[in-house]
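Student: quick check, what structure comes out for this input:
(chains A, B, C and D)
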There are 2 protein chains.
Amino acid sequence: MAANSRLTIATHALTWLALAQRRGQEVLTSDQVAASVNTNPVIIRRSLGDLRRAGLVEVRHGAGAGWSLARAPEEITLLQVYDAVGGEQPFGLHRTEPNLECPVGRGIRPALNQTYGRVEQAIRRELADTSIADVLRETLTN
Amino acid sequence: MAANSRLTIATHALTWLALAQRRGQEVLTSDQVAASVNTNPVIIRRSLGDLRRAGLVEVRHGAGAGWSLARAPEEITLLQVYDAVGGEQPFGLHRTEPNLECPVGRGIRPALNQTYGRVEQAIRRELADTSIADVLRETLTN
DNA sequence: ACGGCTGTAACAGAAAATGTTACGACAAGG
DNA sequence: CCTTGTCGTAACATTTTCTGTTACAGCCGT
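Tutor: Model (predicted):
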């Protein structure tokens, strides 16, 4: 299984920003976030860069720079994060085009796209139901 | 995106077996299935081997060997296929353990597991709603 | 102007999925 | 019982993707 962890990394960063904000810390640097996630600061800058383009976080440059949430944790859903970091399809179609001379090879891709589309919608519904505030609350109770 | 195509390959093979069966062809060899999927016969043997272990297909050895469905196409759901081929999680957790000295690093994995578990259940519900017979019908209308 | 931090390119490394070759095991049919 | 065609699986090659790392230019408070 090659599941990527981008949604996890981004959610972790946002949750950490939310907690820091609540504690009165205005901004966090990518080094500080990286220390919590336990990875390289560049990974964090890439991830938070995606979130900035989606309008979920703000960045300050220059001396005393760093990241902060662009809106309240209750207003950020995991679906927004998923879209921001480039949501991936759970299932891939054929890597090489199937044999179009076979009736199954010809028609199966649209048929599967239909089913896979329903799965994707189900995923989106679940992700839309969870906010960063929810994740932070759950995180602190564990 | 690294989505793997195992569910797609397995479903394609089953759909092709279902159509062949309806046409009166008792068994298909892995070469014949591979020709429709447009891949290597070994890939098909591996995939159908998973399905055989799950009781979804039967195999005949020796001369005149090949594969056939072990039950009616209406009785095979994509959820069974998903489980047979080793369903993968849509989202991965951190690759390296987060910093456990940080409250977020300590509690976020169980929190995310909870949300990711709900997503997984939603996926399973959708897959359970589609059978190979459904896929075959959709495939032939396209 | 200085210093600290972001933004991004470029490359290295690792991991996973897929594709390929090869060969032993097996069973139907002569 | 021997031939023939196919499965089962190991071993390896290839491709792709994700992650990690280094490096450096750009920005902006102080």
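Student: the lengthiest helix in chain A near DNA strand C at all?
Tutor: Ranked by number of residues, the top helix in chain A under DSSP state H is helix A:103-128. No. Against DNA strand C, helix A:103-128 shows no contacts by CB under 7 Å from any atom of the strand, the least distance being 13.4 Å. For glycine as for every other residue, the C-beta is placed from the backbone atoms N, C-alpha and C.
Student: for that helix, buried residues please.
Tutor: For helix A:103-128, a neighbour-count test (16 or more other CB atoms under 10 Å in any protein chain shown) marks A:103-109, A:111-112, A:115-116, A:118-120, A:122-124, A:126-127 as buried.
Student: report the mean confidence score over it.
Tutor: The average pLDDT within helix A:103-128 is 96.
Student: which intervals of chain A have sub-threshold pLDDT?
Tutor: Applying pLDDT under 70 to chain A flags the ranges A:1-3.
Student: what about the helices in it?
Tutor: Using DSSP H, helices in chain A cover A:6-22, A:30-37, A:41-53, A:78-84, A:103-128, A:132-141.
Student: count the neighbours of residue A:89 for me.
Tutor: 15 (other CB atoms under 10 Å in any protein chain shown).
Student: still on that earlier bit, got CSV for the helices of chain A, with distance to chain B too?
Tutor: Below are the helices of chain A laid out as CSV (distance: least, CB to the nearest CB, whole Å):
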stretch, distance to chain B
helix A:6-22, 5
helix A:30-37, 4
helix A:41-53, 10
helix A:78-84, 7
helix A:103-128, 4
helix A:132-141, 4
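Student: which stretch among the ones you listed comes nearest residue B:64?
Tutor: helix A:103-128 (22.6 Å; CB to CB).
Student: show me what the closest one is packed against.
Tutor: On a contact count with 3 or more CB pairs under 8 Å, 6 or more residues apart in numbering or on different chains; DSSP states H and E, helix A:103-128 meets helix A:78-84, helix B:6-22, helix B:30-37, helix B:103-128, helix B:132-141.
Student: which one of the ones you listed lies closest to residue A:28?
Tutor: The closest of these to residue A:28 is helix B:103-128. By CB to CB, the value is 11.0 Å.
Student: does any part of that closest one sit near DNA strand D?
Tutor: No. Applying CB under 7 Å from any atom of the strand, one finds helix B:103-128 separated from DNA strand D by no less than 13.4 Å.
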